[in-house]
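>>> Got a predicted model here, sequence first, then my questions.
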Amino acid sequence: MEKGRFFKYMSHCPENKDAPLPVKSRGKSLLLSLPMLAITSSMLAGKASFASDGATAAYFISLAFLNFMFYKMVRSGKTDKYRAIVFITLAGAAAFSFMSFFLELRGAFGVTPSEIMRGEVPACHMVLPMLFLPALFSKTVVFPGLITGGFASIAVLAVFWAAASLVIGKGYCSWFCFLGGFEDGFSRIFKSPVIKTLRPDLRLLPFAVLLTAVLTSAYTLTHTYCEWVCPYKMVTEFEQVVSLKLLVQSGIFIFMFAALVVVLPLLTKVRAQCAFFCPFGAMQTLAGRLAPFEIRIDTEKCSRCGKCLTECPDFSLDKEALEKGKPRISCHLCGKCVDLCPDKAIFFHVKGTSLKTNLEAQRVLFLYPAYTFLAAITGMNLQQALLRVFNFFS
Amino acid sequence: MTFMKKLKQAAGYFWAAAAFLAALAAMSSHEDLGRGIAATGLTISPVFSGGEIARTLDRKGYAVFLHRPVFDALLREKREGFVQVDWGPYEALPARLTESLDLDGDGREETVLELEKAVPSVLLRTADCRVGPAEKPLIVEKARAVRLYQEPAPPEGPADMKKIAVRVALRKNCVPAKGRAGASHGII
């Protein structure tokens, strides 16, 4: 059996064989970027107060940043290069604005018991898989958040999730998740992986975590994954340590963050939490099957250099996938393989359409909805983060 | 290209274009769509909220709010649950409270709770082995047993009421163990 992803197909990647990128003219790129400018300016204006110079500056800086990145994405033909910049910015901005907001509100990062009783804990998409069974059988939500209104309500989160699942499917994990940017960032630090062999059956682990989380949550009527093992508690919020149990839980959060979000992505160049542990990602693999976009591989063009296999951040490409002409269902549609392929044999594709028709148009068609989600969540968090920085210095 | 292939291609592009519109719709009307979900009658689990208030006992200047016993499980009920008791408004509470309470609603006051306003601990006395610390002295974790919280103000009503909340472990039924049938008590 083939073990790991670093099998030798060919001895060398054809580094100098790069096919020309579909670079567009400045005018055409600007024209294609105009709809995104209209969408983002209106979306960001909805979240901006314009009550101070700082708020106005935060709005315009966010708008300029997001639209410049989209323009570059369209013009250069590179997807992941610019997506990653926005995605990593999103993670940093989300953590900063979230933590500073709660520090300001309650003077501490930790959620107070009072907030739990009042149901005022901001919801996170990670909890969604654990909510469905109890909601179905007992009509209750096993999370101490607000159903509607307030900061990050459960119903609004569910709407975004449903829409994103229908539109970009598993792409949610690389275009909308405000947490994945941490791993994405750490996985890019080293040029080549230190740990070069990973067991292929690790791909099944998120499904096991999902099943365990769903069943234990249904049994205990609590959100067990979030309460016990979620690595991202470290960069969002966790319960104030007022008991031994909470102390143990906090220790686990620190360990999980260090291991799955920092160390393993550094050593393997794989987004380890997403690829091996995330129950939400596993659910998204199943929920996103209706989405119209996918990644395909032209098996005739592919020279089997294996470059994409070593670089895929979600462990979705292997020999079998290359032979089949499509990555595994865990693919996040981040576009890294599309950018890197020296043969230009990997591309974004609209399901049902011919594999030979205008592939660049299909990429742009994917970019509009995907970037709309990314820009919405990034814009909101970036504006907040910038405003807090401006307020601090003024 | 065959007709079927053309049809598939058209459907693919249509779905991709519709996806973009769906993304825009989600962004622009997520609040309305969220309210639609809320209208299905979903509520926050009583494991977190404490459950609905079943009875309110008026005292001099303050009130005792007894929530319904919570034994909620996914399909049936659990054998072990809890009852939440709130006292409020906090400012009007005396320094020391002694309450005889009927926690399970059977008409018999089976439990005495002694509470000190300044100290977050409660002394529980009961002759009923279903209530409070019997076999396990801390079924409800200590950190959550006594909590101060500010209840949100209703849209048209009095200002926020700060309360003391206590959760007491409750069993559906039990057989008293030998030598333990009398009063059991402990700091919750």
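All right, it came through fine.

>>> What does residue B:63 show for phi and psi?
The phi/psi pair for residue B:63 (degrees, to the nearest 10) reads phi -140, psi 160.

>>> Surely it touches residue B:57?
Yes - using C-beta atoms under 8 Å, residue B:63 makes contact with residue B:57 at a distance of 6.4 Å. C-betas here are computed from N, CA, C, even on glycine.

>>> show me where chain B has helices.
For chain B, the helices defined by DSSP state H cover B:3-28, B:30-38, B:46-49, B:142-145.

>>> looking at these, which has the lowest confidence?
Lowest mean pLDDT of the helices of chain B: helix B:142-145, a mean of 34.

>>> Around chain B, which positions in the stretch 251-394 of chain A sit nearby?
A:291-293, A:350-354, A:357, A:362, A:365-366, A:368-369, A:372-373, A:376 (C-beta under 8 Å from any C-beta of the partner chain).

>>> center of chain B, which residue is that?
residue B:50 (1.5 Å; C-alpha atoms, centre = their mean).

>>> which residues does the closest residue to residue B:101 other than its chain neighbours contact?
In space, not counting the residues next to it along the chain, residue B:101 is nearest to residue B:111; the distance is 5.1 Å by C-beta to C-beta, 6 or more residues apart in numbering or on different chains. Applying C-beta atoms under 8 Å, 6 or more residues apart in numbering or on different chains to residue B:111 gives the contacts B:100-103, B:124-126, B:128, B:131-132, B:168.

>>> Now which of the residues you listed would you call buried?
Buried by 16 or more other C-beta atoms under 10 Å in any protein chain shown: B:101, B:103, B:124-126, B:128, B:131-132, B:168, out of the contacts of residue B:111.

>>> the domain parsing of chain A - what is it?
Using automatic domain parsing, the domain parsing of chain A gives A:25-109+A:355-394, A:110-290, A:292-351.

>>> Out of the ones you listed, which gets nearest to residue B:86?
domain A:110-290 (9.5 Å; C-beta to C-beta).

>>> As a check, name the ranges of all helices in the stretch 251-394 of chain A.
A:264-268, A:272-276, A:279-287, A:307-311, A:319-324, A:336-340, A:359-393 (DSSP state H, counting those that start in this stretch).

>>> could you point out where the chain is predicted with low confidence?
Going with chain A. Counting by pLDDT under 70, chain A contains low-confidence ranges at A:1-23, A:113-114, A:242.

>>> not what I meant, chain B
Chain B contains residues with pLDDT under 70 at B:1, B:119-121, B:132-161, B:174-188.

>>> show me where chain B has strands.
For chain B, the strands defined by DSSP state E cover B:43-44, B:53-58, B:63-67, B:70-72, B:77-88, B:96-101, B:111-116, B:122-126, B:146-151, B:161-171, B:184-187.

>>> scratch that, chain A
For chain A, applying DSSP E gives strands covering A:140-141, A:293-297, A:346-350.

>>> Adding mean neighbour count, write those out as TSV.
Shown next, in TSV, are these (neighbours: other C-beta atoms under 10 Å in any protein chain shown):
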stretch	mean neighbour count
strand A:140-141	24
strand A:293-297	23
strand A:346-350	24
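
>>> quick one: which of these is nearest residue A:174?
Closest approach to residue A:174 among the strands of chain A (C-beta to C-beta): strand A:293-297, 11.2 Å.

>>> on that earlier part again, with distance to residue A:212 and mean neighbour count as added columns, please give the helices of the stretch 251-394 of chain A in CSV.
Formatted as CSV, the helices of the stretch 251-394 of chain A follow (distance: least, C-beta to C-beta, whole Å; neighbours: other C-beta atoms under 10 Å in any protein chain shown):
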stretch, distance to residue A:212, mean neighbour count
helix A:264-268, 20, 21
helix A:272-276, 14, 26
helix A:279-287, 8, 24
helix A:307-311, 29, 21
helix A:319-324, 27, 14
helix A:336-340, 30, 22
helix A:359-393, 28, 22
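
>>> May I see the ones you listed organised as a markdown table, with distance to residue A:135 added?
Listed next are the helices of the stretch 251-394 of chain A as a markdown table, based on distance: least, C-beta to C-beta, whole Å:
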| stretch | distance to residue A:135 |
| --- | --- |
| helix A:264-268 | 33 |
| helix A:272-276 | 25 |
| helix A:279-287 | 14 |
| helix A:307-311 | 39 |
| helix A:319-324 | 35 |
| helix A:336-340 | 36 |
| helix A:359-393 | 24 |
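
>>> ok, residue A:199 to chain B distance?
34 Å (C-beta to the nearest C-beta, to the nearest Å).

>>> what do you get for residue A:232?
20 Å.

>>> what number of residues lie near that residue?
Number of residues near residue A:232 (other C-beta atoms under 10 Å in any protein chain shown) recorded here: 26.

>>> Spatially nearest residue to residue B:15, not counting backbone neighbours?
Leaving aside its sequence neighbours, residue B:15 is closest to residue A:292 (4.2 Å, by C-beta to C-beta, 6+ apart).

>>> Phi and psi next, for that neighbour.
Residue A:292 adopts backbone torsions of phi -80, psi -10, taken as degrees, to the nearest 10.

>>> number of nearby residues for it?
Neighbour number of residue A:292 under other C-beta under 10 Å is 26.

>>> Isn't it up against residue A:349?
No - at 9.5 Å, residue A:292 does not count as touching residue A:349 under the criterion of C-beta under 8 Å.

>>> tell me, what's touching those two both at once?
With C-beta under 8 Å, 6+ apart, residue A:292 and residue A:349 have no common neighbours.

>>> need the contact list for the closest residue in space to residue A:247 that isn't next to it in sequence.
Nearest non-adjacent residue to residue A:247, counting by C-beta to C-beta, 6+ apart: residue A:241, 5.2 Å away. By C-beta under 8 Å, 6+ apart, the contact set of residue A:241 is A:110, A:247, A:250.

>>> so what's the last one up against?
Residue A:250 makes contact with A:233, A:238, A:241 under the criterion C-beta under 8 Å, 6+ apart.

>>> what number of residues lie near residue A:135?
Using other C-beta under 10 Å, residue A:135 has 19 other residues around it.

>>> Next, format the helices of chain B as TSV and append mean neighbour count and distance to residue A:67.
Below are the helices of chain B laid out as TSV (neighbours: other C-beta atoms under 10 Å in any protein chain shown; distance: least, C-beta to C-beta, whole Å):
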stretch	mean neighbour count	distance to residue A:67
helix B:3-28	16	16
helix B:30-38	16	22
helix B:46-49	20	41
helix B:142-145	20	48
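
>>> Which of these sits closest to residue A:259?
Judged by C-beta to C-beta, the one of the helices of chain B that comes nearest to residue A:259 is helix B:142-145, at 26.8 Å.

>>> circling back to that earlier point, any chance of the contacts of residue B:111 in TSV, plus distance to residue A:121?
Below are the contacts of residue B:111 laid out as TSV (distance: C-beta to C-beta, whole Å):
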residue	distance to residue A:121
B:100	35
B:101	29
B:102	32
B:103	27
B:124	28
B:125	34
B:126	33
B:128	34
B:131	30
B:132	28
B:168	24
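
>>> Looking at these, which is nearest residue B:74?
So of the contacts of residue B:111, ranked by how close each gets to residue B:74 (C-beta to C-beta), first place is residue B:168, at 23.3 Å.

>>> ok so, going back, measure the residue nearest to residue B:101 to chain A for me?
21 Å.

>>> Residue B:76 now?
According to C-beta to the nearest C-beta, residue B:76 and chain A sit 10 Å apart.

>>> Could you report the neighbour count for that residue?
With other C-beta under 10 Å as criterion, residue B:76 counts 8.

>>> mind listing what residue B:62 touches?
In this structure, residue B:62 makes contact with B:87-89, B:92-93, judged by C-beta under 8 Å, 6+ apart.

>>> Distance to residue A:323 for the strands of chain B - can I get that in TSV?
Shown next, in TSV, are the strands of chain B (distance: least, C-beta to C-beta, whole Å):
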stretch	distance to residue A:323
strand B:43-44	49
strand B:53-58	64
strand B:63-67	61
strand B:70-72	51
strand B:77-88	52
strand B:96-101	71
strand B:111-116	70
strand B:122-126	67
strand B:146-151	59
strand B:161-171	59
strand B:184-187	66
